[in-house]
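J.: structure, please.
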Amino acid sequence: MSVARQHTYHDIDDMPTKAINHGAVKNQRTAAHNQLRRVPQTAYRPARQAEPEAKSSPLAFLFNPSQLLTSAMLVGALAIILYFGITSLMAWTQIKMDDFKYGRPRTSQLDAFVGHGEANGTPSHFVAMNLNRRVTIMEFPGGDVTKPMVLVGPTLFGRDQDLTVVKLQVEDINGDNKPDLTVQVKDERLVYINEGAAFRPITAEELAVVKQQGGR
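T.: Numbers count the residues shown, from 1 in each chain. Here you go, the predicted model:
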């Protein structure tokens, strides 16, 4: 006994239908398009690696004319300041040493036998002073302070000449076997001739003869 299969067919027009809102479909498509829109390339551009800093050569400074000129000027200015500083320090030190040794006014002393009233065996005493820039020599024959003799020398001109030291020495200048008196003022030497009882300045003629004879 065969059973006849029954096929049921439904007309698609008979299926229930649902109305589609075209506006909603458009909005869904726009949203999907916005979600899938292309991301700008800059957003995914890889970060650039920091370029290594250029290393400056130690010799670059040596070949820079402006820096060389500036350095030379600085060194020159420093050398000048250093020179004047050392010079001033040396001058100040010398003045302080002279203050300690010769005092103010500058004074030096000498005892020597020159044949002036020295019968008692006492040498004559000499005092040389730079008194207000005037070279002044005082002699005490045979050490007798009651019979002083004064030799007035030249006046000194120039800066700080009141601090110049005056030094004394006795020696036979003209070869007459009498000790003469010499006065040293910096690079200048003054000569006083011994006449037996006192001293007098040497004359220009006598000085010329002394120089011709090779005198000192």
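J.: check which helix or strand covers R189.
T.: strand 188-194 (DSSP states H and E).
J.: contact partners of that strand?
T.: For strand 188-194, the external contacting residues (Cβ atoms under 8 Å, 6 or more residues apart in numbering) are 114-115, 135, 137, 151, 153-154, 173-174, 176, 178-184, 199-202, 206-207. All C-beta spots, glycine's among them, are computed from the backbone N, C-alpha and C.
J.: list the buried residues of that strand.
T.: L190, V191, Y192, I193, N194 (16 or more other Cβ atoms under 10 Å).
J.: so what strands line up beside it?
T.: In the sheet, strand 188-194 lines up against strand 180-185 (antiparallel), strand 199-201 (antiparallel) (DSSP bridges).
J.: what about it, average pLDDT?
T.: Mean pLDDT, strand 188-194: 96.
J.: in this structure, which spans are helices?
T.: 22-35, 65-102, 204-212 (DSSP state H).
J.: same list (the strands paired with strand 188-194) but as TSV, adding distance to F84, mean pLDDT and mean neighbour count.
T.: Conversion of those to TSV gives the following (distance: least, Cβ to Cβ, whole Å; pLDDT from 0 to 100; neighbours: other Cβ atoms under 10 Å):
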stretch	distance to F84	mean pLDDT	mean neighbour count
strand 180-185	26	97	20
strand 199-201	39	96	16
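J.: would you tell me which of the ones you listed gets closest to T70?
T.: strand 180-185 (47.3 Å; Cβ to Cβ).
J.: how many neighbours does the nearest residue to Q213 once chain neighbours are set aside have?
T.: Spatial nearest neighbour of Q213, excluding adjacent residues (Cβ to Cβ, 6 or more residues apart in numbering): G175 at 7.3 Å. Other residues within reach of G175 by the criterion other Cβ atoms under 10 Å amount to 11.
J.: from R159, how far out is G175?
T.: Noted for G175: a distance of 39 Å to R159, by Cβ to Cβ, to the nearest Å.
J.: one more: A79?
T.: Separation of A79 from R159 (Cβ to Cβ): 24 Å.
J.: please apply the same query to V150.
T.: 27 Å.
J.: more neighbours: which of those two?
T.: V150 (9 against 6).
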